[in-house]
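1. any chance you could fold what I've pasted below:
(one chain, ligands or ions: 1)
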Amino acid sequence: SLMQDFGPALAAFSQEISAQDLMPLWERQARLKPGSSCVPALWQYQRMRPLLDKAAQLITKKQAERRVLVLENPSLRGSTFIANSLYCGLQIILPGEVAPSHRHSPNALRFIIEGEGAYTAVAGERTMMSPGDFIVTPNWAWHDHGNLGNEPVVWMDGLDFAIVALFGAMFREDYPQDRHPLTRQDGDALARYGSGLLPVNTDATPGQGSATPVLRYPYDRTRQALEQLSQRADADPAQGYKLRYVNPANGGHPFPTMAACMQWLPRGFDGKAMRSSENAVYSVVEGCGSVVIGEQRFDFRAHDTFVVPSWEPCRFEAPESCVLFSYSDRAAQQALGLLREERVA
Ligand code: GTQ
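-> You can find the predicted model right below:
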């Protein structure tokens, strides 16, 4: 009963109570159904890549602190958010550059899109980055990035900024030096925690929350896992072969707020539609195809980014085989008992 006319007495009453910062629930305009005002959208890498180069000419990494182009949902311009709960940016770092050390209460993930030779250093451990790797920066862990190679490196930043902002719990600090000291060997986290086995006295993780102790999930391992799954199981009618990244310490998602997945759609895949209350951001790793989100069809190619807002029916078509990375607010929704999903006829 939006905009219902309750008559002049109630209109006068509304006005009267308004002076005391009160409003009648019966005039509420808020959305009382699943989904959000966010719109489905796709950003072509081909169009963003030259703009990243241009940004690299216009501003130094040091000036910018993080040289990032933020993908803003067309319905949320000015917010820096790609969905109500999520942030997404593309970051570029040139050979020799350093992005100075800082820490903050949002969790961050990196998904490497292009280039070799860059690293991120998280809580005293440096992690090299290769395309297709999924890399974790738990909240409140010091982190700086650098490029030791000889080509630009581009990655996607996924952060839970919007969830943190909702609670007003946004803390941040700059480290007094550009680089935080290294206290562990490169690859330490993966070597210790990344084999389905944990040292018996593993408890603490680098951040404050319950993020995964594995800092890097290398693409070759992920891809191999997908291939092996596809030889042993049937594809899901809507999702193809889809694996979620796991925190080996608790079997849950890599962050208390965000889930991340890699999925493979075999050649000729013609997916069924489904919808979920999660908000999800996809980065196309390999191949090309189409996604129909709500009423809109988007054709995607390698390195494009698209957002599937909450409760929009979504289905995939893959004339060629393709691999998709995604992250979402599924972990937060599950923790809060909110997640729902269903197949759509
Ligand atoms: O690399 O630490 O896109 O702190 C936004 C905030 C990246 C980062 C972003 C950040 C970072």
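2. which stretches of the stretch 1-150 of the chain form strands?
-> 41-43, 68-70, 87-93, 98-104, 108-114, 118-122, 125-128, 134-137, 143-147 (DSSP state E, counting those that start in this stretch).
3. dump those strands to TSV, plus distance to T80.
-> (Each C-beta comes from the backbone N, C-alpha and C, glycine too.) Formatted as TSV, the strands of the stretch 1-150 of the chain follow (distance: least, C-beta to C-beta, whole Å):
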stretch	distance to T80
strand 41-43	14
strand 68-70	5
strand 87-93	6
strand 98-104	14
strand 108-114	14
strand 118-122	21
strand 125-128	25
strand 134-137	18
strand 143-147	19
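4. would TSV of these with mean neighbour count and distance to Q228 be doable?
-> Below are the strands of the stretch 1-150 of the chain laid out as TSV (neighbours: other C-beta atoms under 10 Å; distance: least, C-beta to C-beta, whole Å):
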stretch	mean neighbour count	distance to Q228
strand 41-43	20	30
strand 68-70	17	35
strand 87-93	25	30
strand 98-104	19	36
strand 108-114	24	22
strand 118-122	25	28
strand 125-128	21	25
strand 134-137	26	18
strand 143-147	23	32
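5. compare these and give me the one nearest V292.
-> Judged by C-beta to C-beta, the one of these that comes nearest to V292 is strand 41-43, at 11.6 Å.
6. quick one: list the elements packing against the closest one.
-> Here strand 41-43 touches strand 305-308, going by 3 or more C-beta pairs under 8 Å, 6 or more residues apart in numbering; DSSP states H and E.
7. ok, the strand it packs on: who's next to it in the sheet?
-> Using DSSP bridges, the strands paired with strand 305-308 in its sheet are strand 41-43 (antiparallel), strand 280-286 (antiparallel).
8. grab the CA positions of stretch 166-181 and hand them over as PDB.
-> Extracted as PDB, the C-alpha positions of stretch 166-181 are listed here (Å, rounded to 0.1, in the frame of the first residue of the first chain):
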ATOM      1  CA  LEU A 166      27.100  -0.200   7.900                       C
ATOM      2  CA  PHE A 167      28.300  -0.800  11.500                       C
ATOM      3  CA  GLY A 168      30.400   2.400  11.700                       C
ATOM      4  CA  ALA A 169      33.400   0.200  12.500                       C
ATOM      5  CA  MET A 170      35.800   1.700   9.900                       C
ATOM      6  CA  PHE A 171      39.200   1.900  11.500                       C
ATOM      7  CA  ARG A 172      42.500   2.400   9.600                       C
ATOM      8  CA  GLU A 173      46.100   3.200  10.300                       C
ATOM      9  CA  ASP A 174      49.200   4.000   8.100                       C
ATOM     10  CA  TYR A 175      52.400   2.200   8.900                       C
ATOM     11  CA  PRO A 176      55.200   4.700   9.600                       C
ATOM     12  CA  GLN A 177      57.300   3.200   6.800                       C
ATOM     13  CA  ASP A 178      56.300   2.200   3.300                       C
ATOM     14  CA  ARG A 179      57.100  -1.400   4.000                       C
ATOM     15  CA  HIS A 180      56.200  -3.400   7.000                       C
ATOM     16  CA  PRO A 181      59.200  -5.700   8.100                       C
END
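9. cool, thanks, signing off.
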